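K.L.:
quick one, what's the 3D model for this:
(one chain, ligands or ions: 1)
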Amino acid sequence: MTTEKGSISIHTENIFPIIKKFLYSDNEIFLRELVSNAVDAVQKIKRLGSLGQFNGEVGEPLVEVSLDAAAKTITISDNGLGMTAEEIKKYINQVAFSGASEFVEKFKDAKDANEIIGKFGLGFYSAFMVSDLVEIQTLSYQDGAEPAKWTCDGSTSFEISEGSRTTRGTSIILHVNAESEEFLSEGKLQEILDKYAKFLPVPIKFGTKTTQEEDGVDEEEKPKYKSVEVDNIVNTTNPIWTKAPADLSDADYLDFYKQLYPFGEDPLFWIHLNVDYPFNLTGVLYFPKVKDDFDMQRNKIKLYSRQVFITDEVKDIVPEFLMLLHGVIDSPDIPLNVSRSFLQADSNVKKINSYITKKVADKLAELFNKDRKAYEEKWSNIGLFVKYGMISEEKFYDKGKDFALLTNTKGENFTFEEYKEKVAPVQTDKNGTVVYLYTTDTEKQDGFIQSAEKKGYDVLVMNTPIDSHFVSSLEQKLEKTQLKRVDASVANQLIEKDEVLESVLSEEQSTSVKAIFEKAIAKPNFSVEVVGLSPDDSPVTVTMDEFMRRMKDMAKMGGGMSFYGNMPDSYKVAINGNHKLVSKILASADETEQSKFAKQAVDLALLSQGMLTGAELTAFVSRSVELI
Ligand SMILES: Nc1ncnc2c1ncn2[C@@H]1O[C@H](COP(=O)(O)OP(=O)(O)OP(=O)(O)O)[C@@H](O)[C@H]1O
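P.N.:
As a prediction, this is how the structure comes out:
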């Protein structure tokens, strides 16, 4: 074979500077690209063998990555189908795109190497991100093929000559450039292989490792061990998502979870995904124990394409609320290498999205129907996630309404339907609206909860970070239902009934009581009202309007309600006209005493709700001492 020199056919000066310079940030993917090419080559020879188009020995498939730090080379070798010199010219030299100048223009600002590499079939060329010189040594499986060698220094010129390979397959030898010497480290390469190659379908060898092997028995008949040097195979070639669920046990799923997240707590349950029409997708999604801090738990799903790790940013492929799940999705049909906006518009991605949503909902429904008790035990961990899903995805709400649970202060769980049935008889107001009461803090709102329960009302616990949104969405979805925080008004007024307890005070008396309290409180954001409650209810109750408070809570969560977030807090002060303290205040002739008692009663109400602090608390304490 004669040495041939030529020019790589792209019609612009040089694309390599672009690949090198603009894509520097994730240049570690060169290894992913070259190892996947090697895996492809091995799989192709196997296929040719099984199709009878290759009659030689296929042998044990193997891809080997090796490092020669002294020579500053990294070599990726395979025993795949190899290439003839002609094939090198065809597959390597003719870079697979036509409009090179358009390419340069378009991608000079590219930030994502994936984008550029996938789109133009440039996988092999990613080698130049880290190399001064790239060498191919290859021998094709074809009868009479001669070994070929190709070298290129990153300019557009290459050289093909006779190669030195004596066995079938290909070696790619990278002469690592000065800026990329970080890759000349065993630790670094192992790390990259762990990230991208962990589940590739062909064994990937990277050096050797020492393990212990049984070596007969000692005098006491105990097994003896010796150290042996074995191949360091970095991957598991058939991870569980490639197997049939019927062939897997719970232990297999849990083991795999540990492999993915060595420090994670065991997941609650999982779903095995397996579709082949209208798109191809396999995977296993795990439900973790969701902690309140859910930002920490996002981006845990790993996306693969034919077992090659692509990314753990699955934002557009997995519905937003499912970002809390963990696990693996593998799909050759997801366009991995294109831009975000394209991904969002892609119809396969949309279908994948709704498929996953449906699968997750079905799994939850199944768990709920199969073993309600076990499901309820898991509720504290999955509730947050189910609520999040119901708020953000209409379709998920429709399914979720049958298995979402409402939990009351006694720790009892109800489905939406069960709950309505439970409370409707007692908690329907005079307009026929069922009022659900809830607390966001059983400690702080204890007084209100007790008063409500005394009236025979039930109180739900809504104390997770997304509950303020969940409450609003429930109110929109459930017919003729209103949700009220238990401290939104005094117990008697939480649910408006026809029968109103009248205040024993005359209108004139009410007006003067109101004036006394207004003067005593002297705050513009407290509005005073005299109401007729039972004589054993508190003399004074301070409440915050339900609507206002909820809007403020949502503003805190960042729900675009900042207008409300900036409003000053406003409170309602309900004076129980039927309480004897109120009659006592009215009866007093001394204005200072009236004001002192009124102040004291209001402060007690604030105190019971943890709202009395600072100077006001100090003033209250000295006033109390004085009164004793
Ligand atoms: N190790 C190898 N053994 C045999 N052929 C190879 C090997 N590496 C590359 N090739 C050939 O070179 C071609 C070009 O490789 P390259 O990685 O640039 O693009 P691709 O694999 O076709 O697409 P992409 O990597 O972008 O998915 C391959 O399609 C294959 O025919």
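K.L.:
show me the domain layout of this structure.
P.N.:
If you go by automatic domain parsing, the domain ranges for the chain are 4-207, 240-374, 405-494, 507-627.
K.L.:
measure the third one end to end?
P.N.:
Start and end residues of domain 405-494 are separated by 23 Å (C-alpha to C-alpha, to the nearest Å).
K.L.:
of the domains of the chain, which is nearest the ligand?
P.N.:
With C-beta to the nearest ligand atom as the measure, domain 4-207 is the member of these nearest the ligand (2.2 Å). All C-beta atoms are positioned from the backbone trio N, CA, C, and that covers glycine.
K.L.:
mean pLDDT, mean neighbour count and distance to the ligand for the domains of the chain - can I get that in a markdown table?
P.N.:
Shown next, in a markdown table, are these (pLDDT from 0 to 100; neighbours: other C-beta atoms under 10 Å; distance: least, C-beta to the nearest ligand atom, whole Å):
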| stretch | mean pLDDT | mean neighbour count | distance to the ligand |
| --- | --- | --- | --- |
| domain 4-207 | 83 | 18 | 2 |
| domain 240-374 | 83 | 17 | 8 |
| domain 405-494 | 91 | 18 | 41 |
| domain 507-627 | 83 | 16 | 40 |
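K.L.:
which parts of the stretch 51-200 of the chain are strands?
P.N.:
Here the stretch 51-200 of the chain has its strands, by DSSP state E, counting those that start in this stretch, at 63-68, 73-78, 131-139, 148-152, 157-162, 169-176.
K.L.:
quick check: angle from the last one to strand 63-68?
P.N.:
It refers to strand 169-176. With axes from the mean of the first three to the mean of the last three C-alpha atoms, to 10 degrees defining the directions, strand 169-176 sits at 30 degrees from strand 63-68.
K.L.:
if you count contacts, what does strand 169-176 end up packed against?
P.N.:
Strand 169-176 sits against helix 29-50, strand 73-78, strand 131-139, with contacts defined as 3 or more C-beta pairs under 8 Å, 6 or more residues apart in numbering; DSSP states H and E.
K.L.:
can I get those in CSV including distance to residue 535?
P.N.:
Listed next are the helices and strands packed on strand 169-176 as CSV, based on distance: least, C-beta to C-beta, whole Å:
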stretch, distance to residue 535
helix 29-50, 76
strand 73-78, 87
strand 131-139, 89
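K.L.:
can you tell me the SS state at residue 304?
P.N.:
strand (DSSP: H, G, I helix; E, B strand; the rest coil).
K.L.:
name the nearest residue to residue 420, sequence neighbours excluded.
P.N.:
For residue 420, ignoring the flanking residues on the chain, the nearest one in space by C-beta to C-beta, 6 or more residues apart in numbering is residue 434 at 6.4 Å.
K.L.:
what's across from that neighbour in the sheet?
P.N.:
Listed by DSSP bridges, the beta-bridge partners for residue 434 are residue 428, residue 481.
K.L.:
returning to that earlier point: looking at the strands of the stretch 51-200 of the chain, which is closest to residue 204?
P.N.:
Each of the strands of the stretch 51-200 of the chain has some distance to residue 204 by C-beta to C-beta; the shortest is strand 63-68, at 4.9 Å.
K.L.:
elements contacting that closest one?
P.N.:
Identification of packing neighbours for strand 63-68 by 3+ C-beta pairs under 8 Å, 6+ apart yields helix 29-50, strand 73-78, helix 186-196, strand 204-217.
K.L.:
so which of these gets nearest residue 572?
P.N.:
Set against residue 572 and scored by C-beta to C-beta, the helices and strands packed on strand 63-68 come closest in helix 186-196, at 58.0 Å.
K.L.:
now do that closest one against strand 63-68, angle only.
P.N.:
Angle, helix 186-196 to strand 63-68, by the same axes, to 10 degrees: 160 degrees.
K.L.:
residues touching the closest residue to residue 130 other than its chain neighbours, list them.
P.N.:
Excluding its sequence neighbours, the residue lying closest to residue 130 (C-beta to C-beta, 6+ apart) is residue 180, at 3.8 Å. If you count contacts by C-beta atoms under 8 Å, 6 or more residues apart in numbering, residue 180 has them with 27, 129, 130, 131.
K.L.:
try residue 498
P.N.:
Residues in contact with residue 498 (C-beta under 8 Å, 6+ apart) are residue 430.
K.L.:
identify the single longest helix in the chain, thanks.
P.N.:
Ranked by residue count under DSSP state H, the longest helix found in the chain is helix 347-370.
K.L.:
just to revisit the earlier point, would you format the helices and strands packed on strand 63-68 as JSON lines with distance to residue 251 included?
P.N.:
What follows is the helices and strands packed on strand 63-68, written out as JSON lines (distance: least, C-beta to C-beta, whole Å):
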{"stretch": "helix 29-50", "distance to residue 251": "29"}
{"stretch": "strand 73-78", "distance to residue 251": "34"}
{"stretch": "helix 186-196", "distance to residue 251": "23"}
{"stretch": "strand 204-217", "distance to residue 251": "23"}
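K.L.:
right, so of these, which gets closest to residue 385?
P.N.:
Among the helices and strands packed on strand 63-68, helix 186-196 comes nearest to residue 385, with 27.0 Å by C-beta to C-beta.
K.L.:
got the CA positions of the helix or strand encompassing residue 607 in PDB?
P.N.:
Using DSSP states H and E, residue 607 falls within helix 591-608. Written as PDB, here are the backbone C-alpha positions of helix 591-608 (Å, rounded to 0.1, in the frame of the first residue of the first chain):
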ATOM      1  CA  GLU A 591     -61.700  54.900  81.000                       C
ATOM      2  CA  THR A 592     -58.100  54.000  81.800                       C
ATOM      3  CA  GLU A 593     -59.300  50.700  83.400                       C
ATOM      4  CA  GLN A 594     -61.500  50.000  80.300                       C
ATOM      5  CA  SER A 595     -58.600  50.500  78.000                       C
ATOM      6  CA  LYS A 596     -56.300  48.400  80.200                       C
ATOM      7  CA  PHE A 597     -58.700  45.400  80.200                       C
ATOM      8  CA  ALA A 598     -59.300  45.700  76.500                       C
ATOM      9  CA  LYS A 599     -55.500  45.800  75.800                       C
ATOM     10  CA  GLN A 600     -55.000  42.900  78.100                       C
ATOM     11  CA  ALA A 601     -57.700  40.800  76.400                       C
ATOM     12  CA  VAL A 602     -56.300  41.500  72.900                       C
ATOM     13  CA  ASP A 603     -52.700  40.800  74.000                       C
ATOM     14  CA  LEU A 604     -53.900  37.400  75.500                       C
ATOM     15  CA  ALA A 605     -55.400  36.600  72.100                       C
ATOM     16  CA  LEU A 606     -52.200  37.500  70.300                       C
ATOM     17  CA  LEU A 607     -50.100  35.700  72.900                       C
ATOM     18  CA  SER A 608     -52.100  32.500  72.300                       C
END
